[in-house]
Structures are given as C-alpha cells and as structure tokens.
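Asks: Pasting the sequence and the predicted model now:
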Amino acid sequence: MGAKLSGGAAAGKYEVGANSDINVTPFVDVMLVLLIIFMVSAPLATVSIKVDLPPATPPPPDAPKPKEPKYISISTGGRLTISGAPTTLATVVNDISVAMAVPDPKNSTILIRADREVLYEDFMHVVNTLQENGFYKVGLISEDL
C-alpha cells in the first residue's frame, strides 16, 4: 500500500493528498499464485484411455486390385468429360451409367473435379442433374498442394 506524505507546495504542511496511482503489486501477486495453481493442476486433468488396436495387415498378394475410379471433370467454359471421354450435360447421366459398368450405379459414389476458373453455376448444374436422376453419393476431388 502506498501513501503520499506531502501535498506539495500548494497544500499545507500537514495535509495528506489523495493517491491516484494504481498499485499493481497485489494484482501481480494474485496472478502468480493463480499461474502456479494452474500449472500444478493441469497435468492432473489429462485422462488417458487405453485402446487395444488390431495390428495392421497388408492385403494378400492375390487380392484383386480395386477398379480405377470414374470421375466427371468440368473444364473452363462448362465442358464435361467422364474419365477423359467428352460428354454433355444432357447425356452425362447415361454416360456415367455406362462408364461405371455396375448393376446399380446410383448406389456408387460419383467423383467430380473442376478447374479453378469454372463458374459455380456450371458446377451446380452438373450436381443438380446428377441428383435429379438419383445419384446422391457425390464426392469432390481436390489436389493436394
């Protein structure tokens, strides 16, 4: 605690003036005590859960390789290709069904990738066309930088 013992030249000899300075010493003391409490209690708050994970096993050498995924590419200007074969928005549903060569392509995931400059409208036309025809499992492909 601090006190001002003299009031200066204008005040009388025995007048004690008001102290308007903030004393931060108690504040720093309290903060240091709280810091020590949190540092001591933080390691006690961590909880570890033991998980027994199965070992990683490689696939057998005679296992069939997975099929190459079929994807729809959207180029600048709205040009569409299915795994390199050109198509149009009107025929994309039939072309993807033929390209996937599965009994029910509507239960398969269709991958879409687009150029950076493709308009959002062109992208959404393709997605809406697929959804209108029952293709609800749609994945987006992006490149890792």
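Replies: Thanks, I have it.
Asks: Which stretches in this protein count as strands?
Replies: 71-74, 80-82, 85-87, 110-114, 138-140 (DSSP state E).
Asks: now what about the lengthiest helix in the chain, what contacts it?
Replies: Longest helix of the chain, by residue count under DSSP state H: helix 25-45. If you take CB atoms under 8 Å, 6 or more residues apart in numbering as the criterion, helix 25-45 is touched by no other residue. Every C-beta, even on glycine, is put in place using the N, C-alpha and C of the backbone.
Asks: average pLDDT across that helix?
Replies: For helix 25-45, mean pLDDT is 88.
Asks: Figure out how far that helix is from the centre of its chain.
Replies: Going by CA atoms, centre = their mean, to the nearest Å, the spacing between the C-alpha centre of helix 25-45 and its chain's C-alpha centre is 34 Å.
Asks: Send me that helix as CSV with only the CA atoms.
Replies: Provided in CSV are the C-alpha atoms of helix 25-45 (Å, rounded to 0.1, in the frame of the first residue of the first chain):
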residue,chain,number,x,y,z
THR,A,25,1.7,-5.3,-6.7
PRO,A,26,-1.3,-7.2,-5.3
PHE,A,27,-2.6,-7.9,-8.8
VAL,A,28,0.7,-9.4,-9.8
ASP,A,29,0.9,-11.5,-6.7
VAL,A,30,-2.6,-12.9,-7.3
MET,A,31,-1.8,-13.7,-10.9
LEU,A,32,1.4,-15.5,-10.0
VAL,A,33,-0.4,-17.6,-7.4
LEU,A,34,-3.1,-18.5,-10.0
LEU,A,35,-0.4,-19.4,-12.5
ILE,A,36,1.2,-21.8,-10.1
ILE,A,37,-2.2,-23.4,-9.2
PHE,A,38,-3.0,-23.9,-12.9
MET,A,39,0.5,-25.3,-13.6
VAL,A,40,0.2,-27.8,-10.8
SER,A,41,-3.4,-28.9,-11.6
ALA,A,42,-3.1,-29.1,-15.4
PRO,A,43,-1.2,-32.4,-15.6
LEU,A,44,-3.9,-34.0,-13.2
ALA,A,45,-6.7,-33.1,-15.7
